[in-house]
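Asker: Please find the sequence and the predicted model below.
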Amino acid sequence: MPTKIEKDTATGRMTTGHEWDGIKELNTPLPKWWLWVFYACIAFSAVWVVLYPGIPLGTTYFKGVLGYSTRVEHAENLAAVEAGRADILAKIRSTDVSDILKDPETATYAVAGGRVAFAENCAACHAAGGAGQAGYPALGDDDWLWGGDIHAIRQTLLHGIRSATDADTRTSQMPAFGEILDRNQIQTVATYVLSLSGAADPAPAVKTEGAQIFADNCASCHGETGQGGRDFGAPNLADQVWLYGGSLDQVAAQVAQPRHGVMPNWGGRLDDATINMLAVYVHSLGGGE
Amino acid sequence: MSTSGIDMGGHDETTAPPALFANRLKVYAKAVQGPVRRIKWALLVVMLGVYYILPWIRWDRGPGRPDQALLLDLEGRRGYFFDLEIWPDEIYYLAGLLIFGAVLLFLVTSLYGRLWCGYACPQTVWTDLFMWVERKIEGDRAERIRRDKAALSFDKAWRKVAKHGAWVLIAAATGGAWIMYYRDAPTVTMEILTGQASATVYSMFALFTITTYTLAGWAREQVCTYMCPWPRFQAAMLDDQTVTVTYQAWRGEPRGKYRKGESFDLRGDCVDCTQCVQVCPTGIDIRDGIQLECINCGLCVDACNNVMDKLHRPSALITWDTFANQAALAKGEPPRHMKIIRPRTLIYAGLIVVLGAVMMTAMLTRTRVDATVIRDRAPLFVTLSDGSIRNGYTLKITNRRPEGSDFAVVVDGPEGLIATVHTPDGRELPADSVEVRGDTQGALRMFIAMPRKAIPEEQTPINVHIRNLTTGEEASVATVFVAPPSGGDRTQRTNSVAPVQMP
């Protein structure tokens, strides 16, 4: 609050009456140029309001005589981006996937595009970055049910696994051995299977019996040594990767009443360029063959 | 406070409230000759010469690279200073240089006042040049005042047009030269002259031309008084040992008109000729004492000395001196030498030494290779079919050299660790010679696998070393290798199996 407006003896100026710690503020006039800058700003804003949108009018707004709109600008930018992408997307669409990898620029673009498509379409089951979860294979490891080269990956993407809506889908079925073998035999063969990867060390008698059951019932699909069979998606049983868990109970359960994963066929849902980009991306995760 | 009686410059003595705004009192600075003026001319020529010529100096950096000695290539995102090349992430060198310059300015100010303002500040230098042009065309102070007051005539008109024309030309040369620091000078000059330059170049050209013309031609001392922050806080660097332009009031007062032949006994040396006021580019009276508007240019020193010479009085009535010495002389005490070593000068000098040492060390130990390692967060790790654990990383190798080089990637960690380097799209590269093109940052994928038994803990520190095989320059980055927790059920989350203990 101004206290006492008085004349400053040193300068002859009037004070504003403001005083702080004995220091009084002079009422110094503004420089004229400063005022002109201020007026110019007012004039500028008046012109701006006429040219550009800025005045609300109830449910609508004054659009400005230039017709400028950030939405239109955004749509134009998006269209420009689409147009800029068209060439490389056409190339990715028409190139054989293994050839995409030969051109670093296209491959880098495909990896980036595939990453986005993956997050949108695949991460719900296979988890971010292809980490996988129980029942859904990890895509960054070196274990592949149906093959891990880029053509096999593309085939899986295109037609899915056990997809009901695609005649060309990859399909296979493991019998429910709970109806064929008794509980003891299932325990024995599950123990044997675990021993194949060194996860169990059963007694010699158990091992011999398990080997016999395995040879009779499992080897035709999973191979003599449990190495699996990619022709029908039979998992490798001698490695350390387990889709439905690797404890004795989990393996036994899978023998007795197998679960079969289903992956949709993406062929009809995603365009060819996206499928190719996804194949390149999944192949690049670290397990590509 | 009883300073009444001293007229501080013709202010209204009535008690009416002051006007809302004030007209500028136009300063008609008079020409002056003398040693100070000669130093100012010499510095002006040197500094303007450096400014206009520097962008034209060539510097060979090999094919495909700019050959301009000093270039801030914003589009290419590189700063070139002779043999030094700065990337955007090394901009701290520039920040360091600016801080160094600021502290140097503090030191100089605490020793010799506002030398920067009076001699080196671009505002002062260009204003000086513009005033020289003005004097050449419109004549000196008295002639300019007379002509400005006179009615419009052909003589007045052509001189005004010629002056502003010359100012615009100088301003355009200044604005043009500014752009040359950001674009190749010969190319951008040709582009500007032939109408080929981009809208950005033309608008920048126009901006710097207009600002030079406005600030040096019209605003002048108002820039120092109203716009510049430096005068507002430079007082914090001054003390009573600082050398500033000062009027020796004890010797000059009482001042008064002087008639030839009169004695100087019982009066001061100041003859109130107001030469010091007439030559002042900021239009102040130095006899009022040190003040905000004074830029310490010392032109009043020359003007006063010329008068003192004619009167055969000792020179230096207006001179550079310390407050302390002036106070001593005013009391009739013996002169006091300036104390150069004072707490503030020691602190500033110490800061300069420390900053200089830090910057020198940074420059000398600077390598042209840099590495960044970003660990994948999804997935944290992957179990491989043989049970070993693998982590994925994005490895970025920055090759700041113009030529491409092969780099060796070596990963330090527990026994059994296997590191592989891949292109972003998955092709494996030999880790002992990864090629990175010159002047680029190469993005690579790196996978590190460890047998489960070899993994010491959940988070194992590892070091990634990068070595340029041509130059031997190295960079190291510390990161971690993440493994599943050793306890608990990890089969659900990782699709992997723990060794099962059978009953």
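Answerer: That came in fine, so what should we check first? Residues are numbered from 1 along each chain as shown, chains lettered A, B, ... in the order given.

Asker: What is the burial count for A:Gln227?
Answerer: Around A:Gln227 there are 15 other residues, counting by other CB atoms under 10 Å in any protein chain shown. The C-beta positions use only the backbone N, C-alpha and C, and glycine is treated the same way.

Asker: which residues does it contact?
Answerer: A:236-238 (CB atoms under 8 Å, 6 or more residues apart in numbering or on different chains).

Asker: In terms of helices and strands, where is the residue most central in space within chain A?
Answerer: With distances taken as CA atoms, centre = their mean, A:Ala119 lies nearest the centre of chain A, 1.9 Å away. For A:Ala119, the host element (DSSP states H and E) is helix A:104-121.

Asker: who does the next helix or strand after that helix touch, helix- and strand-wise?
Answerer: Once helix A:104-121 ends, the next helix or strand along the chain (criterion: DSSP H and E) is helix A:123-126. Packed against helix A:123-126, as judged by 3 or more CB pairs under 8 Å, 6 or more residues apart in numbering or on different chains; DSSP states H and E, are no other helices or strands.

Asker: Below-threshold pLDDT in the stretch 351-500 of chain B: ranges please.
Answerer: B:486-500 (pLDDT under 70).

Asker: As a check, name the ranges of all helices in it.
Answerer: Under the criterion DSSP state H, counting those that start in this stretch, the stretch 351-500 of chain B carries helices at the ranges B:491-494.

Asker: can you pull the contacts of the spatially closest residue to B:Asn463 that is not a sequence neighbour?
Answerer: Leaving out its chain neighbours, the residue that sits closest to B:Asn463 by CB to CB, 6 or more residues apart in numbering or on different chains is B:Asp412, at 4.1 Å. Residues near B:Asp412 by CB under 8 Å, 6+ apart: B:462-465.

Asker: ok, now A:Leu237?
Answerer: When contacts are counted by CB under 8 Å, 6+ apart, A:Leu237 touches A:193, A:196-197, A:218, A:222, A:226-228.

Asker: again, only this time at 6 Å
Answerer: By CB atoms under 6 Å, 6 or more residues apart in numbering or on different chains, the contact set of A:Leu237 is A:193, A:196, A:222, A:226.

Asker: and those residues near chain B, which?
Answerer: Near chain B, judged by CB under 6 Å from any CB of the partner chain, there are no entries from the contacts of A:Leu237.

Asker: Quick one: residues in contact with stretch B:47-59.
Answerer: The contact list for stretch B:47-59 (CB under 6 Å, 6+ apart) reads B:67, B:69-70, B:82, B:125, B:177, B:180-181, B:185.

Asker: mind listing which of the residues you listed are in helices?
Answerer: B:125, B:177, B:180, B:185 (DSSP state H).

Asker: distance of the spatially closest residue to the last one that is not a sequence neighbour from chain A?
Answerer: Think B:Ala185. Spatially, and ignoring its direct neighbours in sequence, B:Ala185 is nearest to B:Pro55 (4.2 Å; CB to CB, 6+ apart). Going from B:Pro55 to chain A by CB to the nearest CB, to the nearest Å gives 32 Å.

Asker: what's the burial count for B:Pro55?
Answerer: If you count neighbours by other CB under 10 Å, B:Pro55 ends up with 23.

Asker: ok, the contacts of A:Gln227 vs B:Gly283, which is closest?
Answerer: Ranked by distance to B:Gly283 (CB to CB), these are led by A:Asn236 at 92.2 Å.

Asker: what's the burial count for the closest residue to chain B within the stretch 151-289 of chain A?
Answerer: Using CB to the nearest CB, the closest approach of the stretch 151-289 of chain A to chain B is made by A:Gly246 at 2.6 Å. Neighbourhood size, A:Gly246 [other CB under 10 Å]: 25.

Asker: just B:Ala172 next, same as before
Answerer: Using other CB under 10 Å: B:Ala172 sits among 18 other residues.

Asker: again with the one 3 residues further on
Answerer: Other residues near B:Gly175 number 20, with proximity taken as other CB under 10 Å.

Asker: so who does it touch?
Answerer: By CB under 6 Å, 6+ apart, the contact set of B:Gly175 is B:205, B:208-209.

Asker: can you do 8 Å?
Answerer: Contact analysis of B:Gly175 by CB under 8 Å, 6+ apart lists B:204-212.

Asker: got a winner among those for most neighbours?
Answerer: These, ranked by neighbours (other CB under 10 Å): first place B:Thr212, 23 neighbours.

Asker: which element is it on?
Answerer: B:Thr212 belongs to helix B:199-212, assigned by DSSP H and E.

Asker: Next secondary structure after that helix?
Answerer: helix B:221-222.

Asker: what does that following helix contact?
Answerer: For helix B:221-222, the surrounding residues in contact (CB under 8 Å, 6+ apart) are A:31, A:33, B:24, B:27, B:127, B:281-283, B:293.

Asker: what do you get for stretch B:76-91?
Answerer: B:59, B:61, B:66, B:68-73, B:93-94, B:363, B:398, B:400, B:439.

Asker: who in the stretch 101-250 of chain A is up against chain B?
Answerer: Neighbours of chain B within the stretch 101-250 of chain A, by CB under 8 Å from any CB of the partner chain: A:101, A:104, A:107-108, A:110-111, A:127-134, A:137-138, A:140-143, A:191, A:194, A:197-202, A:236, A:239-243, A:245-248, A:250.

Asker: Among the residues you listed, name the buried ones.
Answerer: Buried subset of these (neighbour count, 16 or more other CB atoms under 10 Å in any protein chain shown): A:101, A:107-108, A:110-111, A:127, A:129-132, A:137-138, A:140-143, A:191, A:194, A:197, A:199-200, A:202, A:236, A:239-243, A:245-248, A:250.

Asker: Using CSV, write down the CA coordinates of stretch A:180-194.
Answerer: C-alpha atoms of stretch A:180-194 as CSV (Å, rounded to 0.1, in the frame of the first residue of the first chain):
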residue,chain,number,x,y,z
ILE,A,180,-4.9,-95.0,-22.7
LEU,A,181,-2.4,-95.3,-19.9
ASP,A,182,-3.0,-95.8,-16.2
ARG,A,183,-2.0,-93.2,-13.6
ASN,A,184,1.2,-95.1,-12.7
GLN,A,185,2.4,-95.3,-16.3
ILE,A,186,1.8,-91.6,-16.8
GLN,A,187,3.8,-90.8,-13.7
THR,A,188,6.6,-93.1,-14.9
VAL,A,189,6.7,-91.7,-18.5
ALA,A,190,6.6,-88.1,-17.2
THR,A,191,9.5,-88.8,-15.0
TYR,A,192,11.4,-90.4,-17.9
VAL,A,193,10.6,-87.3,-20.0
LEU,A,194,12.0,-85.0,-17.4
